[in-house]
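Asker: Next comes the sequence, and after it the predicted model I'd like to discuss.
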Amino acid sequence: MADVWNDEADVVVVGYGGAGASAAISAHDAGASVVIIEKDSGGGNTRLATNAFVCPINNAAAREHLRILSSGATTDEIANSFLDWSAKNTEFIKELGGEVLSVTPGPTFAHLAGSETMLRFRVKGPSGERGGASLWNLLSKNVQQRKIRVQQEMPGKNCCARETKLSGSRQTETEAPFGVALIKR
Ligand SMILES: Cc1cc2nc3c(=O)[nH]c(=O)nc-3n(C[C@H](O)[C@H](O)[C@H](O)COP(=O)(O)OP(=O)(O)OC[C@H]3O[C@@H](n4cnc5c(N)ncnc54)[C@H](O)[C@@H]3O)c2cc1C
């Protein structure tokens, strides 16, 4: 692999795990050119995860549940944004061609008020496959189908949401006028 790599895209996604793959797919489908830079080979913790993802019912009880769960450490704005978007998780998975299965037991924090809204699902995969692997296989397949560029073994450094230039340890220079930078050193 070359020591110097230059690229430019509307959106640069740093980190090719579940969040990065989802961001890249969404940006691509909204019409942006996208490049993903990944310090390893991709998959991250997402590929290793055990089982389920949350797709909550978006209502006042769910907001109360998140408020209690975060013990005041998360602003309402962030919690509400999490709720608005995570409530679309199963819809997103189906749009990508996946099949969702309801998971029992239900909420992780069942003793907290509003936990009944925290519905859990997994992506259907072959028998015995971890839910994380099934999710990752679906996401990475969709990234490949869209021909989204993935630059592996390319750690992003000095990334900041409002900067348009990202740099990597191997003299990477990546420009992203509408950049998504998920990492700050
Ligand atoms: C064993 C295990 C079981 C789990 N089980 C569950 C579960 O059942 N349900 C659940 O909801 N959650 C579970 N989790 C947590 C879940 O896996 C994570 O919350 C989720 O995968 C985070 O997704 P992500 O995309 O943010 O991070 P990741 O999937 O970890 O992806 C981050 C990616 O960014 C890359 N990266 C990091 N820094 C840089 C950099 N500077 N430059 C370039 N690339 C970089 C990493 O190499 C990685 O590929 C589990 C986690 C583990 C480890």
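Answerer: Perfect, thanks for sending it.
Asker: hang on, isn't residue 94 packed against residue 100?
Answerer: Yes - Residue 94 is in contact with residue 100 according to C-beta atoms under 8 Å; the separation is 6.8 Å. Where you see a C-beta, it was placed from the backbone N, CA and C, and this is true even at glycine.
Asker: Among those two, which residue is more densely surrounded?
Answerer: residue 100 (17 against 11; other C-beta atoms under 10 Å).
Asker: For the residue in the chain that the ligand sits nearest to, give me its contacts.
Answerer: When distances are taken as C-beta to the nearest ligand atom, the chain approaches the ligand most closely through residue 17, which lies 1.9 Å from it. Residues in contact with residue 17 (C-beta atoms under 8 Å, 6 or more residues apart in numbering) are 42, 43, 44, 45, 46, 47.
Asker: Now do the same for it: its pLDDT.
Answerer: Residue 17 is assigned a predicted lDDT (pLDDT) of 96.
Asker: what do you get for the one 10 residues further on?
Answerer: Residue 27 is assigned a predicted lDDT (pLDDT) of 95.
Asker: can you tell me how far it sits from residue 35?
Answerer: Distance, residue 27 to residue 35, using C-beta to C-beta, to the nearest Å: 10 Å.
Asker: okay, and the common contacts of the two?
Answerer: When contacts are counted by C-beta under 8 Å, 6+ apart, residue 27 and residue 35 have 11, 13 as shared neighbours.
Asker: Domain parsing of this structure, as residue ranges.
Answerer: Each domain of the chain is listed here as a residue range: 1-49+130-185, 51-128, per automatic domain parsing.
Asker: ok, back up a step: what is the most widely separated pair among the contacts of residue 17?
Answerer: Looking at these by C-beta to C-beta, the two members farthest from one another are 42 and 45, with 11.5 Å of separation.
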